[in-house]
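[1] attaching a predicted model along with its sequence, questions to come.
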Amino acid sequence: MKFIQLYKKIVTFFVLGVLCTGFHIIWAADFDIKSVADFRKTRQFEKALAAIDHHLKKSPNDHKGLFQKGLVLTDLERYSDSLVIFQQLIKAYPYTPELYNNLGTILAFSGQYEDSQKAFQKALHLLHSYRSANKNLDALKFATSYLNDVKKTSYVKNIFSKTSIFSSILDATSKAAKTNKQNNSDTCRKLVESHMLIRQIQMGLIRLGYYQGKIDGILHVPLKSAIQDFQSSHHLTVNGYVSWKLLARIQDIIDEKKLLTVQPELSHIHRQRLTQKIQNGLFDLGYYSGPQNGLFNEETLQALSQFKNDYSIKEPPNISHDMSGHIMKALYQIQGKWTMVPLMPSELCTHYMPLVDYINSGYKPMRYIGYATILKHETGYMIMIVNTPLACRDMKKLLHPHFNALNQSLKK
């Protein structure tokens, strides 16, 4: 997340690109310490806390400063301290849904699932259309249902180790020849990628008012018509086709609409925002380590050139919607791989593999919430997999309070 300047609005904290992943915590309003956002972005939470404490010495009752301190304490997993702050803020502002949403998050990470659910429900009672609270409530229910599944199942000692599960999948994958099963896997990968692309186009067109149908990942007549309307309105070739370039253009129009209320010089902002999106994508792909400020520089050009060569892209390494589309596709190919959420405290969120590798190794999808899936193995035990590092860390935090009890049950 790049919080270079914060305006008077609510900004989603745990969101990666256009994908919605992980547990959502909400930032509020125009906090005036830029360094706090920079420190949090680079995970320097102690420095962020020191900056906020310095600010609060001058203004001890500043609710925005207290809000930020509560978030940083949550980053540091000091849940009891952050809980006190949000309870204090709720007393002062009892009709603010964002506070209850953050309270629910802290309670969930503390293992107080029932109280967490009540907090999310209170946020939704105050604001029925509160999307973030809805997603948090869904994630909480998903995690608790998974815990219940694990507790009801009998396991062989150590079989639930992430390391052993991945070793068995990787061994099976490496030994597999190019059989019909593997051909089916290649087809499945293409279908999954296409499905993800269409879903994101549908969500973008809904936000822009061109499409009112279901988000189902299917290119049907109503969606084709909506795409054609969008293409016609923005002077694009009208063909009704889906592509990564089209998704990049949709996302760019959404960003333009957000910025219209802030800056009048749209053409300059348009290019700067597109440059920043490309820098963000190149950073996530590991090509770029410079400032992600929307200013084109030599390092950005070198990163684009390297990316172009690695992915055999014909277009020149320029700032364009074509290049943004290629970067989006590369990011989706990475995010189309999944990792198991570890139940063993020592195991990390690593080893990403395509969903089809799990399926080909005897796992069957049972429940799904977009970024997380519960799989049941043919032997009966279950695992949870997620498609981003952030979602994995968040789900691990949700499950963490019950690690000890679960691991004791696994050893019996």
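    Nice, thanks for sending it over.

[2] which residues touch Thr350?
    Thr339 (CB atoms under 8 Å, 6 or more residues apart in numbering). Just so you know, the C-beta spots here come from the backbone N, C-alpha and C atoms, and that holds for glycine as well.

[3] helix, strand, or coil at it?
    coil (DSSP: H, G, I helix; E, B strand; the rest coil).

[4] next one: phi and psi at it?
    phi -130, psi -180 (degrees, to the nearest 10).

[5] and the gap between it and Trp338?
    12 Å (CB to CB, to the nearest Å).

[6] which parts of the stretch 1-150 of the chain are strands?
    With DSSP state E, counting those that start in this stretch, the ranges of strands along the stretch 1-150 of the chain come out as 10-12, 26-28.

[7] can you check the stretch 201-350 of the chain too?
    Listed in chain order, the strands of the stretch 201-350 of the chain (DSSP E, counting those that start in this stretch) span residues 337-340.

[8] could you tell me the least trusted of the strands of the stretch 1-150 of the chain?
    Ranked by mean pLDDT, the strands of the stretch 1-150 of the chain end with strand 10-12 in last place, scoring a mean of 29.

[9] in the stretch 301-412 of the chain, which ranges drop under the pLDDT threshold?
    332-336, 370, 403-412 (pLDDT under 70).

[10] how close does Asn102 get to Lys245?
    Counting by CB to CB, the gap from Asn102 to Lys245 is 38 Å.

[11] hang on, I meant Gly362
    Taking CB to CB, one finds Gly362 at 38 Å from Lys245.

[12] phi, psi of Ala372?
    phi -140, psi 140.

[13] tell me who's in contact with it.
    By CB under 8 Å, 6+ apart, the neighbours of Ala372 are 139, 142, 341, 384-387, 391, 395.

[14] which member of the residues you listed is positioned nearest Gln306?
    Closest approach between these and Gln306, by CB to CB: Asn387, at 25.3 Å.

[15] higher neighbour count, Asn102 and Lys245?
    Higher neighbour count among Asn102 and Lys245: Asn102, with 32 against 19, using other CB atoms under 10 Å.

[16] my read: the more buried one touches Phe86, true?
    Yes. Counting by CB atoms under 8 Å, Asn102 does reach Phe86; the two are 5.6 Å apart.

[17] find residues that contact each of the two.
    Taking CB under 8 Å, 6+ apart as the criterion, Asn102 and Phe86 both touch Gly70.

[18] just list the residues touching Tyr288, thanks.
    Residues in contact with Tyr288 (CB under 8 Å, 6+ apart) are 279, 282, 299-300, 303.

[19] nope, Tyr79 is what I meant
    Contact partners of Tyr79, counting by CB under 8 Å, 6+ apart, are 73, 106, 109-110.

[20] can I get these in TSV with distance to Ile90?
    Formatted as TSV, the contacts of Tyr79 follow (distance: CB to CB, whole Å):
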residue	distance to Ile90
Leu73	16
Ile106	12
Phe109	17
Ser110	16
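
[21] those residues in helices, which ones?
    The helices, defined by DSSP state H, take in 73, 106, 109 from these.

[22] of those, which is the most crowded?
    Neighbour count (other CB under 10 Å) singles out Ile106 as the most crowded of the ones in helices among the contacts of Tyr79, with 28 neighbours.

[23] touching, it and Val84? I think so.
    No. Ile106 lies out of contact with Val84 (CB under 8 Å); the separation is 10.0 Å.

[24] excluding its backbone neighbours, what's nearest Lys224?
    Gly240 (3.9 Å; CB to CB, 6 or more residues apart in numbering).

[25] surely the one you found touches Ser225?
    Yes. Using CB under 8 Å, Gly240 makes contact with Ser225 at a distance of 7.4 Å.

[26] could you list the domains of the protein?
    Annotated domains of the chain cover 10-146, 153-178+338-411, 189-333 [automatic domain parsing].

[27] deepest in the core, which of those is it.
    domain 10-146 (a mean of 19; mean count of other CB atoms under 10 Å).

[28] distance from the chain centre to that one, please.
    Here the centre of domain 10-146 is set off from its chain's centre by 16 Å, with CA atoms, centre = their mean, to the nearest Å.

[29] how near is His326 to His128?
    39 Å.

[30] again, but for Lys224
    Lys224 is 32 Å from His128, where distance means CB to CB.
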